[in-house]
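Participant: below is the sequence, then the predicted model.
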Amino acid sequence: MKNTITCNLCGGGRFSERTPFKGTSRRYVYDFIYGRCENCKSIMRLTDISVDYSGYITSKNLQTVKAKRLIKFFSLLNVSMDDSILDYGCGNGSFLLTLKDLGFRNVKGYEPFNDEYNALEPGVKYTLIYLIHVFEHLADFNVFFSDIKRYSIENGKVLIITPSSSRITKLDPEDPFQQFAIHAPYHNFIPSDEIVMKLFSDNNFRLKVHMDYDVARSGLFANNNFSALMQHHLGGAKEDLLTSPKGKIAGTVLAHAPSVLNTFLFKTRDRLVSTFLFEKK
């Protein structure tokens with residue numbers, strides 16, 4: 001662990017509930033310590049590591065149902081298919097390509113770990129910038145806020161979907177839903193709702209919408225709760241969830257049918273994630 005530990009979000013230096021969480025990738029099979037900041041109540045990785053994102057495994061085929069959920073949310077924000085949109089932290093580009101397939105004409109991506117998307121286009125400003133499970137990976141907030149201020153139009157919108165510490169009452173490394181939300185060691189921190197709102201307010205963004213669940217990955221058939229249980233039962237690594245043979249997946253569903261089907265069909269809202277919409281002042 002770091003000799004001097006400081007919260008990335010608020011600068012606090014006191015942490016409670018120091019708890020080991022097993023790495024959720026075959027690349028990182030050992031434990032990482034996470035603790036709760038006593039000041040802002042966020043959860044932060046206290047084990048010092050420079051996470052290697054090369055070859056980071058992600059889904060290549062984002063389910064269209066998840067994209068359509070977010071598009072429905074876009075419509076409530078008066079964001080149209082002709083508006084300029086930036087996927088900040090787009091990974092392999094699967095989500096922005098899905099949006100394009102569904103009719104969005106002006107979607108760009110930025111991903112520093114992907115040569116195809118590793119530069120922001122100078123002078124271009126966006127109606128909407130979104131971060132879908134990206135905020136918790138950020139290493140430098142000065143760079144981030146400088147970027148979104150520079151590339152947002154006047155009154156531009158910023159959509160953040162991120163795991164939230166506000167509804168993790170006690171750290172439990174055996175809880176599959178916490179394992180999934182914390183995603184050791186890739187998530188640098190799990191912010192509290194309050195610190196997210198404060199950071200954006202301090203950087204001249206006003207809060208427009210706050211929902212205590214993931215608007216894209218909560219719903220019938222496709223949701224984080226189902227993914228969390230399946231990943232846990234398949235072995236605990238993200239690779240187990242994304243690359244296991246169909247036969248193994250089917251057998252796992254049958255072996256754990258009551259709990260898995262409950263998350264698949266009924267307990268569909270991921271309450272360990274928050275959705276925020278901010279508007280540039």
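Facilitator: Sure, I can see it.
Participant: assign a three-state SS to N225, would you?
Facilitator: At N225, secondary structure determined by DSSP: H, G, I helix; E, B strand; the rest coil is helix.
Participant: chain neighbours aside, what residue packs nearest to it?
Facilitator: The shortest distance from N225 to any non-neighbouring residue, by CB to CB, 6 or more residues apart in numbering, is to T263 (4.0 Å). C-beta: built from backbone N, CA, C; applies to glycine.
Participant: residue contacts, that neighbour?
Facilitator: T263 makes contacts with 223, 225-226, 228-229, as judged by CB atoms under 8 Å, 6 or more residues apart in numbering.
Participant: surely G93 meets D115?
Facilitator: No. G93 is beyond contact range of D115, at 11.5 Å (criterion: CB atoms under 8 Å).
Participant: show me how the chain divides into domains.
Facilitator: What automatic domain parsing lists as the domains of the chain is 64-216+273-280, 224-265.
Participant: pick the most buried one from the ones you listed.
Facilitator: domain 64-216+273-280 (a mean of 18; mean count of other CB atoms under 10 Å).
Participant: where along the protein do the strands fall?
Facilitator: Assigned by DSSP state E, the strands in the chain fall at 15-22, 31-37, 43-45, 85-88, 107-110, 126-132, 152-163, 189-190, 205-211, 273-280.
Participant: could you dump those to a markdown table with distance to F177 and mean pLDDT?
Facilitator: Output for the strands of the chain, formatted as a markdown table (distance: least, CB to CB, whole Å; pLDDT from 0 to 100):
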| stretch | distance to F177 | mean pLDDT |
| --- | --- | --- |
| strand 15-22 | 12 | 97 |
| strand 31-37 | 15 | 98 |
| strand 43-45 | 14 | 97 |
| strand 85-88 | 26 | 96 |
| strand 107-110 | 29 | 96 |
| strand 126-132 | 18 | 96 |
| strand 152-163 | 10 | 96 |
| strand 189-190 | 12 | 98 |
| strand 205-211 | 18 | 96 |
| strand 273-280 | 10 | 97 |
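Participant: to G235, which of the ones you listed lies closest?
Facilitator: The closest of the strands of the chain to G235 is strand 15-22. By CB to CB, the value is 11.0 Å.
Participant: pairing partners for that closest one, with directions?
Facilitator: Partners of strand 15-22 in the sheet, by DSSP bridges, are strand 31-37 (antiparallel).
Participant: ok now the strand it pairs with, how far from the chain's centre?
Facilitator: Mean-position distance between strand 31-37 and its chain equals 18 Å (CA atoms, centre = their mean, to the nearest Å).
Participant: please apply the same query to stretch 140-155.
Facilitator: Distance, centroid of stretch 140-155 to centroid of chain: 18 Å (CA atoms, centre = their mean).
Participant: please enumerate residues in contact with that stretch?
Facilitator: Contacts for stretch 140-155 (CB under 8 Å, 6+ apart): 8, 84, 86, 88, 110, 120, 124-127, 129, 138, 158, 199, 203-204, 279-280.
Participant: next one: stretch 96-107
Facilitator: If you take CB under 8 Å, 6+ apart as the criterion, stretch 96-107 is touched by 62, 64, 67-68, 71, 81-87, 90, 108-109.
Participant: just the CA coordinates for that stretch, please, in PDB.
Facilitator: Output in PDB follows, covering the C-alpha atoms of stretch 96-107 (Å, rounded to 0.1, in the frame of the first residue of the first chain):
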ATOM      1  CA  LEU A  96     -20.600   4.300 -30.100                       C
ATOM      2  CA  LEU A  97     -20.700   1.900 -33.100                       C
ATOM      3  CA  THR A  98     -24.000   0.600 -31.800                       C
ATOM      4  CA  LEU A  99     -25.400   4.100 -31.600                       C
ATOM      5  CA  LYS A 100     -24.300   4.800 -35.200                       C
ATOM      6  CA  ASP A 101     -26.000   1.600 -36.300                       C
ATOM      7  CA  LEU A 102     -29.200   2.800 -34.600                       C
ATOM      8  CA  GLY A 103     -29.100   6.100 -36.400                       C
ATOM      9  CA  PHE A 104     -26.900   8.600 -34.500                       C
ATOM     10  CA  ARG A 105     -24.900  10.500 -37.000                       C
ATOM     11  CA  ASN A 106     -22.400  12.500 -35.100                       C
ATOM     12  CA  VAL A 107     -20.900  10.200 -32.400                       C
END
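Participant: thanks a lot, see you next time.
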